[in-house]
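> no sequence for this one, just the structure:
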């Protein structure tokens, strides 16, 4: 019998309730413990109260873009080292540029579908966290 690994805690922020409703169950199925939030206030509470292993943020949101959110998280002592993944349907070239500019840890495309998102996030976790 293998070693029991606790679920990786992930906070997912996206301004679309539909996207959250589609992605959160797939991420849970992929082995993550997910807190899905649609507002900046919910996000800050989830991050401070729950201390996730990973943050996944949409790039385009009304109150604060994912890029701005990443820059803010990097400036905070409690979250400066927390891995951050940008999740968007933006073109790969744009996502790669944003990740470099804001010191995010990687990106995933929403266009690949919810199942692929869980697989890709697990791959990124192996690369950047564990």
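The structure has been received and is ready for your questions. Keep in mind the model is a prediction, meaning the values are calculated, not measured.

> please count neighbours and contacts with C-alpha atoms only from this point.
Will do.

> what about residue 90, distance to residue 45?
Remark: distance between residue 90 and residue 45 (CA to CA, to the nearest Å) = 27 Å.

> and what of residue 128?
Residue 128 sits 24 Å away from residue 45, going by CA to CA.

> now residue 67
If you measure residue 67 against residue 45 using CA to CA, the figure is 19 Å.

> was I right to think residue 10 contacts residue 47?
No - between residue 10 and residue 47 there is no contact under CA atoms under 8 Å: 9.3 Å.

> more crowded one of these two?
Between residue 10 and residue 47, counted using other CA atoms under 10 Å, the more crowded position is residue 10 (25 against 20).

> and residue 108, what are its phi and psi?
Backbone torsions for residue 108, taken as degrees, to the nearest 10, come to phi -140, psi 150.

> average pLDDT across the top helix by length along the chain?
Across the chain, the helix with the greatest residue count (assigned by DSSP state H) is helix 114-128. Averaging pLDDT along helix 114-128 gives 86.

> buried sites along that helix?
Using 16 or more other CA atoms under 10 Å as the test for burial, helix 114-128 gives 114, 116, 117, 118, 120, 121, 122, 124, 125.

> how close does the residue most central in space within the chain get to residue 9?
By CA atoms, centre = their mean, the chain has its centre lying nearest to residue 56, at 0.8 Å. Taking CA to CA as the measure, residue 56 falls 11 Å from residue 9.

> starting at the chain centroid, how far to the helix or strand that contains residue 41?
Assigned by DSSP states H and E, residue 41 belongs to helix 40-50. For helix 40-50, the gap between its own C-alpha mean and the chain's C-alpha mean amounts to 13 Å (CA atoms, centre = their mean, to the nearest Å).

> helices and strands around that helix, which ones?
Judged by 3 or more CA pairs under 8 Å, 6 or more residues apart in numbering; DSSP states H and E, the packing partners of helix 40-50 are strand 8-13.
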